[in-house]
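The following block contains a protein sequence and its predicted model.
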Number of protein chains: 2
Amino acid sequence: MSALEQELRSSQEHSAGGMPARKPPAQASQAQSVEARLLRRLLKILGDPPIAFVLWTGERVANATEELLGSVRIADRSTLLRLLRDTRVRFGDAYSEGRIEIEGDLVGMLEAVYRSGTRNGAGSGALHRLATLWHRPRANSVARSRDNIHHHYDIGNEFYKLWLGKTMAYTCAYYPTPAASLDEAQTAKMDHVCRKLRLRPGESVVEAGCGWGALGLHMARHYGAKVRAFNISHEQIVFARERARAEGLAAQVEYVEDDYRNISGRYDAFVSVGMLEHVGIENYTRLGGVIRRALGSDGRGLIHTIGRNRPALLHPWIERRIFPGACPPALSEMMQVFEPWDFSILDVENLRLHYAKTLTHWLALYETASEHIRRMFDERFVRMWRLYLAGSIAGFTTGTMQLFQVVFAPRENNDIPLTRAHLYP
Amino acid sequence: MSALEQELRSSQEHSAGGMPARKPPAQASQAQSVEARLLRRLLKILGDPPIAFVLWTGERVANATEELLGSVRIADRSTLLRLLRDTRVRFGDAYSEGRIEIEGDLVGMLEAVYRSGTRNGAGSGALHRLATLWHRPRANSVARSRDNIHHHYDIGNEFYKLWLGKTMAYTCAYYPTPAASLDEAQTAKMDHVCRKLRLRPGESVVEAGCGWGALGLHMARHYGAKVRAFNISHEQIVFARERARAEGLAAQVEYVEDDYRNISGRYDAFVSVGMLEHVGIENYTRLGGVIRRALGSDGRGLIHTIGRNRPALLHPWIERRIFPGACPPALSEMMQVFEPWDFSILDVENLRLHYAKTLTHWLALYETASEHIRRMFDERFVRMWRLYLAGSIAGFTTGTMQLFQVVFAPRENNDIPLTRAHLYP
């Protein structure tokens, strides 16, 4: 029996007088049905965010004394029952299927839920721990990694072109000023990464997880680097190779369709932007060994990854429907990449507010293209990805998710800058 | 039987033909005595640094093919035997007692030993793990912390005045340019800390472990902050209070002679520079709870501490003779302060090369004052502290030790700067 089914039962017992008597809140008397009482329990479990639930009967449930941000309209009884059974996964599914409609600001409402949930300990309590027992991310063996990556990144380059901007960088951008555009911020991110690595002309770089290849091209064109970039997404590799040819950089940037575990050779720098989320914590020490071999006792590296304040699984709906196998690490977990190999951590920067801005830009482009996307896929897909993008914004604005850029070097390397002033020219 | 006694025995067996035959190095035939053969074993365990050992008989042992950096002269047989039994502790003791003399650059030779040791895995191998089994840092209960801190910091303010510079800051300075003086760099460090905390006039700060009080006074004078600073070193508190009175800042900076565990009240910022090394990893989560109570869901904090690339104990001689109870953490360990309380790590900067420069400045002032210090204490004390300062330089230049400044904030706090450009005006 799930924790929420228990809630459901205890709610029924409550209505039968089986629970210790508690003074019902003021609005309780207005909502009489069993369904409304169950919804009230759900709202309580969510930490009483300032949101109304509206039933298919028109009944409204809203415990909050604050001004309401909007309402969640539930289409029918079976949707409600599924929601009560497994809120975290079923909410996303019901929204995608149009059996839940949101009235009001989607991002703002998700932020309110994230904030209330953590305030009331819902995110860290027994309920959450129970939920995570039933849900583990898919493993990341070499073969399974390929499946997991295919699920997300091989949906079609045409789809991603619609909302990622010109760079096709599908990772957190860097906004030197709040007014920077998406493309400016993505370019600034690549410069920020290259400066942190202190790339010099003629140096060699190995990149693990290169997306559609923008960073490698940027390093070659603007820093004179020679880049070998690994990726197991076939669609991305094909795109990146074509891009390198078109830009006349194919001799400087080699795209390799292979797993990071098969990186060989020695390089001046290692870089990985947005791959660690997919590596799986059980593989971190192995990744660190790959990096150590690639750098020897010189060189330096940078890993850019979504992270957490403390060990926690990805939201189960995101992990199931969007990013199978993904798990953003807490810094303590991330250290399993570095500590066994005696790397020195030189610099960690948290860019979570930059990711909220990046996602806001993506979501706006996504909404503009939503008709196009509906024709490419279907309404369910459009709604699913909208929820994923909006939920991610809320994750970063509420501090539920972090974005870490970690610069490191082998212990022996003293060729490191005295200060970080060179990053801010 | 210690690992080194085993070495000693196996060395004897070797000379009796009990070990598998190995071709002796070229110089072996020049050193005939049993003592010389034992020393050769020791040199090998140390990873063959380019250093000669010279016996009281005049015999020289040097395996290295590189140019020698200097020599270690051993006064008598009993010193040698102690050295073989427990090199890491006995070397320091014998040097302090004048039974070991160094000819050549002390820092350079220590660096060579650190580098060779790690290259050959001596610092991470079974031998090291065995050694650490016998040696655990002294615990840090409230009462024991007081003893441990008294041991080091209550030696006498007059002593520290001789070599810490005007600020009396006894922690890593920050050199905006390589040519900065010690006093300039200590002041720049305080500004760097205040900028990282983005201190604003009228804000309240709680400081855990305030040394002789320089940072609190700097925050009050230059940033208009109101500071409560905790310290369990009686001598330091007396000094700091007098300083605050003399500088007319006693109303803005309160020095409290108490343990960090007894911090109460709410503050805009938490700061701790050079205390975490003394807290003990077993108390980190408790410290995090103290900080969480002090900040609530707003505010921000900074911890500045010596650290390691991976979990490891402090050098046992330093822990026994200089800093009882001290243990610099790896970042994974340090996260035990933050993760249980859902703090977001915003910024980590590694300043290890700055600590090497700071210590170099301290050592130069220390040598200038050595006659004075000899009169205050004795020759043994002068040598012991010289070795500690020189060894610390080598620790930071070889990457054996790190210096982390970690900026953090409660998860809910979105009042954080978008970039770090404000640190580099």
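That came in fine, so what should we check first?

roughly how far apart are A:D191 and A:S344?
24 Å (Cβ to Cβ, to the nearest Å). Backbone N, C-alpha and C define where each C-beta goes, glycine included.

Compare these two (neighbour count), which wins?
Set A:D191 next to A:S344 and count neighbours by other Cβ atoms under 10 Å in any protein chain shown: A:S344 wins out with 22 against 16.

The more buried one reaches A:E412, doesn't it?
No. Look at A:S344 against A:E412 with Cβ atoms under 8 Å: they stay out of range, at 9.2 Å.

Can you list the buried residues in the helix or strand hosting A:G117?
In this structure, A:G117 sits in helix A:106-119 according to DSSP states H and E. Within helix A:106-119, the residues that qualify as buried are A:106-118, counting by 16 or more other Cβ atoms under 10 Å in any protein chain shown.

and it, average pLDDT?
Average pLDDT, helix A:106-119: 87.

Dump the C-alpha coordinates for that helix into PDB.
Only the C-alpha atoms of helix A:106-119 are listed here, as PDB (Å, rounded to 0.1, in the frame of the first residue of the first chain):
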ATOM      1  CA  LEU A 106       2.300  27.500 -14.500                       C
ATOM      2  CA  VAL A 107       5.900  28.400 -13.400                       C
ATOM      3  CA  GLY A 108       4.700  30.400 -10.400                       C
ATOM      4  CA  MET A 109       2.400  27.600  -9.300                       C
ATOM      5  CA  LEU A 110       5.100  25.000  -9.600                       C
ATOM      6  CA  GLU A 111       7.500  27.300  -7.600                       C
ATOM      7  CA  ALA A 112       4.800  27.600  -4.900                       C
ATOM      8  CA  VAL A 113       4.500  23.800  -4.700                       C
ATOM      9  CA  TYR A 114       8.300  23.300  -4.500                       C
ATOM     10  CA  ARG A 115       8.600  26.000  -1.800                       C
ATOM     11  CA  SER A 116       5.700  24.700   0.300                       C
ATOM     12  CA  GLY A 117       6.900  21.100  -0.100                       C
ATOM     13  CA  THR A 118      10.300  21.800   1.200                       C
ATOM     14  CA  ARG A 119       9.100  24.200   3.900                       C
END
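
How far away from the center of its chain is that helix?
16 Å (Cα atoms, centre = their mean, to the nearest Å).

And for stretch A:394-406?
Worked out by Cα atoms, centre = their mean, stretch A:394-406 lies 9 Å from the chain centre.

In a markdown table: the buried residues of helix A:106-119, plus distance to chain B.
Formatted as a markdown table, the buried residues of helix A:106-119 follow (distance: Cβ to the nearest Cβ, whole Å):
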| residue | distance to chain B |
| --- | --- |
| A:L106 | 19 |
| A:V107 | 14 |
| A:G108 | 14 |
| A:M109 | 17 |
| A:L110 | 15 |
| A:E111 | 10 |
| A:A112 | 13 |
| A:V113 | 14 |
| A:Y114 | 10 |
| A:R115 | 7 |
| A:S116 | 12 |
| A:G117 | 12 |
| A:T118 | 7 |
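
wait, which of those is closest to A:I393?
A:V107 (5.0 Å; Cβ to Cβ).

which residues do A:S344 and A:E412 both contact?
Common contacts of A:S344 and A:E412, defined by Cβ atoms under 8 Å, 6 or more residues apart in numbering or on different chains, comprise B:G399.

Show me which residues of the stretch 301-425 of chain A sit near chain B.
A:309-311, A:330-332, A:335-336, A:338-340, A:342-350, A:352-354, A:397-400, A:402, A:404, A:411-414, A:416, A:418-421, A:423-424 (Cβ under 8 Å from any Cβ of the partner chain).

Just the ones of these in strands?
The strands, defined by DSSP state E, take in A:343-350, A:402, A:404 from those.

Closest one to B:I100 out of the buried residues of helix A:106-119, please.
Of those, the one sitting nearest to B:I100 (Cβ to Cβ) turns out to be A:T118, at 57.9 Å.

Show me where chain A has its strands.
According to DSSP E, the strands that chain A contains are A:51-54, A:60-61, A:70-74, A:100-104, A:204-208, A:226-231, A:253-257, A:269-273, A:300-307, A:343-350, A:402-410.

Format those as CSV; extra columns: distance to B:M376.
Below are those laid out as CSV (distance: least, Cβ to Cβ, whole Å):
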stretch, distance to B:M376
strand A:51-54, 70
strand A:60-61, 76
strand A:70-74, 73
strand A:100-104, 73
strand A:204-208, 55
strand A:226-231, 60
strand A:253-257, 64
strand A:269-273, 51
strand A:300-307, 45
strand A:343-350, 37
strand A:402-410, 41
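
Using CSV, list the CA coordinates for the top helix by length along chain A.
Counting residues, the longest helix in chain A under DSSP state H turns out to be helix A:379-397. Coordinates of each C-alpha in helix A:379-397 appear next as CSV, following Å, rounded to 0.1, in the frame of the first residue of the first chain:
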residue,chain,number,x,y,z
GLU,A,379,-0.7,17.7,-28.1
ARG,A,380,0.4,15.3,-25.4
PHE,A,381,4.1,15.9,-26.3
VAL,A,382,3.7,19.6,-26.4
ARG,A,383,2.2,19.7,-22.9
MET,A,384,4.7,17.2,-21.5
TRP,A,385,7.7,19.3,-22.6
ARG,A,386,6.1,22.5,-21.4
LEU,A,387,5.7,21.0,-18.0
TYR,A,388,9.3,19.8,-18.0
LEU,A,389,10.6,23.2,-19.0
ALA,A,390,8.4,25.1,-16.5
GLY,A,391,9.1,22.7,-13.7
SER,A,392,12.9,23.0,-14.4
ILE,A,393,12.6,26.8,-14.0
ALA,A,394,10.8,26.3,-10.7
GLY,A,395,13.5,23.8,-9.6
PHE,A,396,16.3,26.4,-10.1
THR,A,397,14.5,29.5,-8.8
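
Could you list the buried residues of that helix?
A:382-397.

and the residue nearest to A:N350 when sequence neighbours are not counted, what pLDDT?
The shortest distance from A:N350 to any non-neighbouring residue, by Cβ to Cβ, 6 or more residues apart in numbering or on different chains, is to B:L346 (4.7 Å). B:L346 is assigned a predicted lDDT (pLDDT) of 98.

so who does B:L346 touch?
A:349-350, B:300, B:407-409, B:416.

one more time with 10 Å, if that's ok
A:348-352, A:402, B:196, B:300-302, B:406-409, B:413, B:416-417, B:420 (Cβ atoms under 10 Å, 6 or more residues apart in numbering or on different chains).

Just the buried ones out of the residues you listed, please.
A:348-352, A:402, B:196, B:300-302, B:406-409, B:413, B:416, B:420.

show me where pLDDT drops low in chain A?
Residue ranges of chain A with pLDDT under 70: A:1-32, A:64, A:118-138.

domain assignment for it?
A:3-134, A:143-423 (automatic domain parsing).

Out of those domains, which one sits most buried?
domain A:143-423 (a mean of 20; mean count of other Cβ atoms under 10 Å in any protein chain shown).

Find the nearest non-adjacent residue to A:Y153, please.
Using Cβ to Cβ, 6+ apart, the closest residue to A:Y153 is A:S233 (4.0 Å).
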